[in-house]
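In: Predicted model follows, preceded by the sequence.
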Amino acid sequence: MTRQDEKLAAGVVSGSERAFEEVVRLYGGFIRSVVKYHLKNMPMWQDDCMNEILMNIWRNMSRYDADKSSLKNWIGALAKYRCIDYKRRYYRESFKGELDENIEDIAMRRTLLRQEIEEEINSLLSGLDSCDREIFIKRYILNETIDEISASKGKPPSYIYNRLSRGRKKLRCLFERKGRGGGEK
């Protein structure tokens, strides 16, 4: 701690622009080097960060305690932590962009997968007549109960059970003929 540090700090606290200009003249290069070191991969943010550091020095000089550290160390710590804030903000925004891209990618994959599944189901159920296909879709895709299906068709539940059983047997035979089922029953 030097007498000059205390005098400059007191001047800045009292609102003296001349004292602040002296701080910038003495420590501006130091601040720039701290910013360039910590934000070397983010040159587009360096000037903004430098400006925020200078603004923080102007606003927070009253918090400087000459008994705890030199003005240079206090400014260095303030600059370092501001740079860390900028890195956090940068990575948060980068991650958000990647997250948005991933969400779009996931949505696209989900849509493609849904289309593939629908095509496969339609291909599998093409061997059934339209009545059985409708019952299968209601039961196995829409998860309707047997009672709901029988009510919508106006048929007894035993009719629905029989149509489902015969349809499964027919699909199994078709599957085995195409070589997909491997003969499993």
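Out: Great, that's in hand. Residues are numbered from 1 along each chain as shown.
In: what helices or strands is the helix or strand bottoming out on mean pLDDT in the chain leaning on?
Out: Using mean pLDDT, DSSP states H and E, the weakest-scoring helix or strand in the chain turns out to be helix 71-125, at a mean of 78. For helix 71-125, the packing partners by 3 or more Cβ pairs under 8 Å, 6 or more residues apart in numbering; DSSP states H and E come out as helix 3-13, helix 17-38, helix 43-60, helix 157-177. The way it works is simple: take the backbone N, C-alpha and C, and place the C-beta from them, glycine included.
In: what about 10 Å?
Out: For helix 71-125, the packing partners by 3 or more Cβ pairs under 10 Å, 6 or more residues apart in numbering; DSSP states H and E come out as helix 3-13, helix 17-38, helix 43-60, helix 130-136, helix 157-177.
In: Make a markdown table out of the ones you listed and add mean pLDDT.
Out: Listed next are the helices and strands packed on helix 71-125 as a markdown table, based on pLDDT from 0 to 100:
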| stretch | mean pLDDT |
| --- | --- |
| helix 3-13 | 86 |
| helix 17-38 | 92 |
| helix 43-60 | 91 |
| helix 130-136 | 89 |
| helix 157-177 | 87 |
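In: among the ones you listed, which is nearest residue 87?
Out: Residue 87 lies closest to helix 17-38 among the helices and strands packed on helix 71-125, at 7.2 Å (Cβ to Cβ).
In: Touching that closest one from outside, list them.
Out: Residues external to helix 17-38 that are found in contact with it (Cβ atoms under 10 Å, 6 or more residues apart in numbering): 4-5, 7-13, 16, 42-43, 45-50, 52-54, 57-58, 61, 71-72, 74-84, 86-87.
In: List only those of the residues you listed flagged as buried.
Out: Neighbour counting by 16 or more other Cβ atoms under 10 Å classes 5, 8-9, 11-12, 42, 45-46, 49-50, 52-54, 57, 61, 71, 74-76, 78-79, 82-83, 86-87 among these as buried.
In: circling back to that earlier point, I'd like to know which of the helices and strands packed on helix 71-125 lies nearest to residue 108.
Out: Per Cβ to Cβ, nearest to residue 108 of the helices and strands packed on helix 71-125: helix 130-136, 28.6 Å.
In: Thanks a lot, see you next time.
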